[in-house]
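> Structure, please.
(one chain, ligands or ions: 1)
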Amino acid sequence: MNERQETAAPPDQTPSAARPPGYPVELEQSLTLRDSRRVFIRPIIPADELILEHELREADAETLYQRFFTTQPKLDAKRRYFMVHIDYRWRLALVAFAEDGRAVGIGRYEGAPGPAQAEIALVISPAWRRVGLASTLLHLLTEAARARGLRRFVALCLQDNQAMAALLAHAGFDPPQPNAGVAVAEKTLF
Ligand SMILES: CC(C)(COP(=O)(O)OP(=O)(O)OC[C@H]1O[C@@H](n2cnc3c(N)ncnc32)[C@H](O)[C@@H]1OP(=O)(O)O)[C@@H](O)C(=O)NCCC(=O)NCCS
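Here you go, the predicted model:
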């Protein structure tokens, strides 16, 4: 992808003691974005719960609304626990960190073995948008999902979310189908 360049040595690495069982270390990577800023991307770990809580607290209302369809999402301890404890197969989340250690983007898919289908979600900090970060996370999630036997991605976004609609079109999703204010788009993975 032209948004990124592989680099030999990542600026950061997850301490092996923090990696839970099944953690796919091969998904860790350091990338340079289109505007030359660097990010370190890795799968989410349980210790990220505090980071997640901080980012959710700091997020602006519009971002929360576009991501969760409400400006006051119910992200209590149980829900946050669920978000950072994943099996790295049917459920996977990738976090992008800036060089100062701040989380600047998260992409995830939530699936299940039966239908081999997963719902994707993406959120990028406003100051890090339009430099290809969401596309990169989606590309990495797509490759990981294919390798894990998932067959389909589904994306739900608000019907007026033009940024997400354009991103999904860019990534080869079928045209979104509107339903009661929400647009649903799908992509067959293979
Ligand atoms: C939607 C969102 C994830 C896009 O993240 P991003 O990192 O800026 O996206 P990218 O830079 O990878 O953009 C890829 C392409 O999508 C399209 N796109 C992205 N943002 C756009 C915008 N604001 N307006 C129009 N097109 C846009 C463009 O075609 C872009 O390619 P280009 O920059 O080469 O023209 C980001 O705006 C966001 O976090 N929004 C709030 C949360 C949200 O809406 N999540 C979706 C529901 S889960």
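> When you work out contacts or count neighbours from here on, use the C-alpha atoms and nothing else.
Noted.
> interface residues of the chain facing the ligand?
Contacts of the chain with the ligand, taken as C-alpha under 6 Å from any ligand atom, map to 63, 66-67, 121-124, 129-135, 157, 162-164, 166-167.
> In PyMOL, how would I select just the buried ones from those residues?
Filtering the residues of the chain next to the ligand down to the buried ones (16 or more other C-alpha atoms under 10 Å) takes a single PyMOL command:
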select buried, resi 63+66+67+121+122+123+124+131+132+133+134+135+157+164
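> mind listing which of the residues of the chain next to the ligand are in strands?
Mapping the residues of the chain next to the ligand onto strands (DSSP state E) picks out Ala121, Leu122, Val123, Ile124, Cys157.
> Show me which pair in those residues is furthest apart.
Ile124 and Cys157 (14.5 Å; C-alpha to C-alpha).
> can you give me the helices in this structure?
Applying DSSP state H to the chain gives helices spanning 49-58, 61-68, 77-84, 133-147, 162-170.
> out of these, nearest to Gly181?
helix 61-68 (11.9 Å).
> Does that closest one pack against any helices or strands, and if so which?
strand 117-124, strand 152-158 (3 or more C-alpha pairs under 8 Å, 6 or more residues apart in numbering; DSSP states H and E).
> Could you save those strands as CSV and add columns showing distance to Ala183 and mean pLDDT?
Formatted as CSV, the helices and strands packed on helix 61-68 follow (distance: least, C-alpha to C-alpha, whole Å; pLDDT from 0 to 100):
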stretch, distance to Ala183, mean pLDDT
strand 117-124, 13, 98
strand 152-158, 5, 97
